[in-house]
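# Mind folding the following:
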Amino acid sequence: MNGPIPVIVSYSSETPRHDAAFADELRALAAGAATAIAEAGLEARWVNAAAPHSDAHDLLATAHGVIVLGGADVDPSLYGATPDGAWMDSADAAADAFEAALLREALERGVPVFTICRGTQLLNVVRGGTLVQDLGAGIHREPNQDMVTHPVAVHPGTRLAAVLGTGTRDVRSGHHQAVDALGEGLVVSATAPDGVIEAIEGRDTGRDAGWVVGVQWHPEDAGSDPAQLRLLLADFAAAARIVLPVGDDPIAAPAA
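Below is the predicted model of the structure:
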């Protein structure tokens, strides 16, 4: 197709724990993503996951792909666990329900899927995987919730390696949860030095299998290497260009 490629971008800064600083951080990250998405030739149709204006089926009828950004913790009941810490009061049932349905619909249709942080964790859960509820002290998040820089090793032979190259690179992280048992049809494509899974993707990367990549770090963070998100979105856009027809008018991007 010619012109901008319409894709659904889901996020929410309206966290149940009413943490103003966390909400501001999510808005800033979404604004960073918005700029990169537009530069990749994608027409973002923004959806507030906590209060979606339409259901997943209708939204995807005219979209070429799905991007799910970060946000609140995923409810552990979705992967058969019970809350094991105070962090669970940040779970957002409405956002969980909508984004899980959105991801399932996208995977069923075979449209490209790109996820970041919470989005990647929910992608794993939707495929039947589980999460580590709290990583504790370590390299993935500062005690004051600020982003940290740490290395990840990109696994050879993966789509992520084809996009970013193999070897080690620095990324920006801010997550205290992580992918644990892998969901069906997913493989690990990057890990941190402590063994934590930092990226996953669909096992089959052929055109007919769809494009599915999720990172737990934040390539949209202002302190990140901008080439990472640019390359990921370029590959996503190339896959998105070949699916489904253009639909409705775009929804405005969130302000920083």
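# show me where pLDDT drops low in the stretch 101-250 of the chain?
Applying pLDDT under 70 to the stretch 101-250 of the chain picks out residues 137-145, 204-209, 244-250.
# if you go through it in chain order, where are the strands?
113-116, 131-132, 148-154, 167-173, 178-179, 186-191, 197-202, 212-215 (DSSP state E, counting those that start in this stretch).
# And the ones you listed: which comes nearest Val47?
Distance to Val47, taken as C-beta to C-beta, is lowest for strand 113-116 among the strands of the stretch 101-250 of the chain, at 14.1 Å. Heads up, the C-betas are built off the backbone N, CA and C, glycines and all.
# which residues in the chain form helices?
20-39, 56-60, 93-109, 118-126, 159-164, 226-240 (DSSP state H).
# Nearest to Ser12 among the ones you listed would be which one?
That would be, of the helices of the chain and by C-beta to C-beta, helix 93-109, which comes in at 4.9 Å.
# Kindly format the C-alpha coordinates of that closest one as CSV.
Output in CSV follows, covering the C-alpha atoms of helix 93-109 (Å, rounded to 0.1, in the frame of the first residue of the first chain):
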residue,chain,number,x,y,z
ALA,A,93,-8.3,-5.3,35.0
ALA,A,94,-9.8,-3.3,32.2
ALA,A,95,-6.5,-2.8,30.4
ASP,A,96,-5.6,-6.4,30.9
ALA,A,97,-8.9,-7.6,29.4
PHE,A,98,-8.8,-5.3,26.4
GLU,A,99,-5.1,-5.8,25.5
ALA,A,100,-5.3,-9.5,26.0
ALA,A,101,-8.2,-9.6,23.6
LEU,A,102,-6.4,-7.3,21.2
LEU,A,103,-3.3,-9.5,21.2
ARG,A,104,-5.3,-12.7,20.7
GLU,A,105,-7.2,-11.2,17.8
ALA,A,106,-4.0,-9.9,16.2
LEU,A,107,-2.2,-13.3,16.6
GLU,A,108,-5.2,-15.1,15.2
ARG,A,109,-5.3,-12.8,12.1
